[in-house]
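In: One predicted model, sequence on top.
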Amino acid sequence: MITNILEELLNVGIALSGEHDLDKLLDMILMEAQRLTNADGGSIYLAEGDKLIFKVSRNNTFFKRWGEAKTRQMFKSFEMPITKKSMSGYVALTGKPLNISNVHCIPENLECSYDPSFDKKNEYNTVSMLVIPMLDRENNVIGILQLINSMDADKVVPFTDDHLKITSSFSSQASVAIQNAKLTKDLKNAQLETIFRLSAAAGYRDKETANHIKRVSSYCRLMAKKAGLDSEKAELLFWASPMHDIGKLGVPDAILLKPGILTPEERKEMEKHSLIGALILKDSKEAVIVMSRIAALTHHEKWDGTGYPLGLKGTDIPIEGRIVAIADVFDALSSKRCYKDAFPEEKVLAIMKDSRGKHFDPDLLDAFLCAMDEVRAIKAEYEDKEEDFDKFSDIKNVDAASLLK
């Protein structure tokens, strides 16, 4: 029996170590903890400072009642202070597990209590509860694993001492996996922030604002989801799309900053920015850079084949380029530039609709136009301010020493 448990824990540990996406990892940890203890439900909280952040929940009763997708939508992330008032807070502060056979009859010597509001709201009856601290190598609490209602057939029973031992051992493995996943996430965020800042550098040259990049990337993610791309690819496009104009770094100032209409020769030079961008981003195997290269190269292609630099037509244009084209043009028309005021929305939409099937993929444009409430919310969130149009106007007053901090 013991050998079987050890072998099972080893297999679980190997599985956890292979998952580096934090959200997927937490869901896997909770699912395995449920299986090992026959728990009906459970939650995981991560500790951040003096707060616990609710990250994931699973509940078999709710999955049967509402379906898994709806259940997950209902339980959004929230924060709670770490105090001994709640069971999770108590375990976070003491670093000691709790095994409560009946939450409605908690021993008087415990300082924590059970809040029945969740049960009342969702017509559920929590009875037994097992709360385990997840500790790092220095025995600091990094999270809390909370399991509810161990089941024996259809009957709720207390969690056993074996359940406590198994989950305590399991939580040690889970803690290592969580820390590794967090490190992976931090490295990814650093990489993505570098991409954003490099994209902003290109914007500094032609007086486009950082908010332009944020709006375009948000429009792209929105469109990708509306077009049916999976959430991972939509998120990747969110981070890749800011690099679409990185090639402007290679365009001469005399052309890039020219206030008037470009001559045909100057226009040809300007159009090279798509190719320059692709050359800057070539030869990378990183998914976000690969997608950035495609977006940079193809965001000026047109549905009818009259775009540049390749003259691609219809669905021969990669979907990344088709999406960025709509987002970029919409933002250019609807936003103020140093050389023009923002067009009224009615005029912007008329121009976009007139370009349906000519400049833009008709299906993608329709999806974008059907999401105008969400588009307006993005536009309002990242609205430009007057000072955004000259980033270095106040550089003489900058405290250079403060940049060392």
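Out: Perfect, thanks for sending it.

In: what bits of the stretch 51-200 of the chain have low per-residue confidence?
Out: The stretch 51-200 of the chain contains no residues with pLDDT under 70.

In: so where do the strands sit in it?
Out: Using DSSP state E, counting those that start in this stretch, the strands of the stretch 51-200 of the chain run over 51-59, 79-81, 98-100, 129-135, 141-152, 155-157.

In: out of those strands, deepest packed?
Out: strand 129-135 (a mean of 25; mean count of other CB atoms under 10 Å). Where C-beta positions appear, they are placed from N, C-alpha and C, glycine not excepted.

In: which residues make contact with that strand from outside it?
Out: Outside strand 129-135, the residues that touch it by CB atoms under 8 Å, 6 or more residues apart in numbering are 37, 39, 87-88, 90-92, 95-100, 103, 114, 141-150, 159, 163-164, 167-168, 171-172, 174-175, 178.

In: Grab the most central residue of this protein for me.
Out: residue 235 (6.5 Å; CA atoms, centre = their mean).

In: in what helix or strand does that one lie?
Out: In this assignment (DSSP states H and E), residue 235 forms part of helix 231-240.

In: for this structure, which helix is longest?
Out: If you go by DSSP state H, the chain has its longest helix at helix 161-205.

In: could you dump the helix or strand just after it to PDB, C-alpha only?
Out: Next along the chain after helix 161-205, taking DSSP H and E as the criterion, comes helix 210-226. In PDB, the C-alpha atoms belonging to helix 210-226 read as follows (Å, rounded to 0.1, in the frame of the first residue of the first chain):
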ATOM      1  CA  ALA A 210       2.800  54.300 -26.400                       C
ATOM      2  CA  ASN A 211      -0.900  54.200 -26.000                       C
ATOM      3  CA  HIS A 212      -1.200  53.600 -29.800                       C
ATOM      4  CA  ILE A 213       0.700  50.300 -29.300                       C
ATOM      5  CA  LYS A 214      -1.500  49.300 -26.400                       C
ATOM      6  CA  ARG A 215      -4.700  50.000 -28.300                       C
ATOM      7  CA  VAL A 216      -3.500  48.200 -31.400                       C
ATOM      8  CA  SER A 217      -2.400  45.100 -29.400                       C
ATOM      9  CA  SER A 218      -5.700  45.100 -27.500                       C
ATOM     10  CA  TYR A 219      -7.700  45.400 -30.700                       C
ATOM     11  CA  CYS A 220      -5.700  42.500 -32.200                       C
ATOM     12  CA  ARG A 221      -6.400  40.200 -29.200                       C
ATOM     13  CA  LEU A 222     -10.100  41.100 -29.300                       C
ATOM     14  CA  MET A 223     -10.300  40.300 -33.000                       C
ATOM     15  CA  ALA A 224      -8.400  37.100 -32.700                       C
ATOM     16  CA  LYS A 225     -10.800  35.800 -30.100                       C
ATOM     17  CA  LYS A 226     -13.800  36.900 -32.100                       C
END
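
In: Who are the packing partners of helix 210-226?
Out: Using 3 or more CB pairs under 8 Å, 6 or more residues apart in numbering; DSSP states H and E, the elements in contact with helix 210-226 are helix 161-205, helix 231-240, helix 319-334, helix 362-369, helix 372-381.

In: Can you get me a residue count around residue 246?
Out: Neighbour count for residue 246, taken as other CB atoms under 10 Å: 24.

In: Surely it touches residue 197?
Out: No - using CB atoms under 8 Å, residue 246 and residue 197 do not qualify as a contacting pair, with a distance of 11.5 Å.

In: Tell me how many other residues surround residue 109.
Out: Residue 109 has 5 neighbouring residues, counting by other CB under 10 Å.

In: just to revisit the earlier point, out of the strands of the stretch 51-200 of the chain, which gets nearest to residue 250?
Out: strand 51-59 (43.5 Å; CB to CB).

In: which residues are contacting the closest one?
Out: So strand 51-59 is contacted by 23, 26-27, 30-31, 34, 40-47, 71-72, 75, 77-82, 88-89, 92, 124, 144, 148 (CB under 8 Å, 6+ apart).

In: How far away from the center of its chain is that strand?
Out: Its chain's C-alpha centre and that of strand 51-59 lie 17 Å apart, by CA atoms, centre = their mean, to the nearest Å.

In: now the angle between helix 161-205 and it, please.
Out: 120 degrees (axes from the mean of the first three to the mean of the last three CA atoms, to 10 degrees).

In: what pairs with strand 51-59, and is each one parallel or antiparallel?
Out: If you go by DSSP bridges, strand 51-59 pairs up with strand 39-48 (antiparallel), strand 79-81 (antiparallel).
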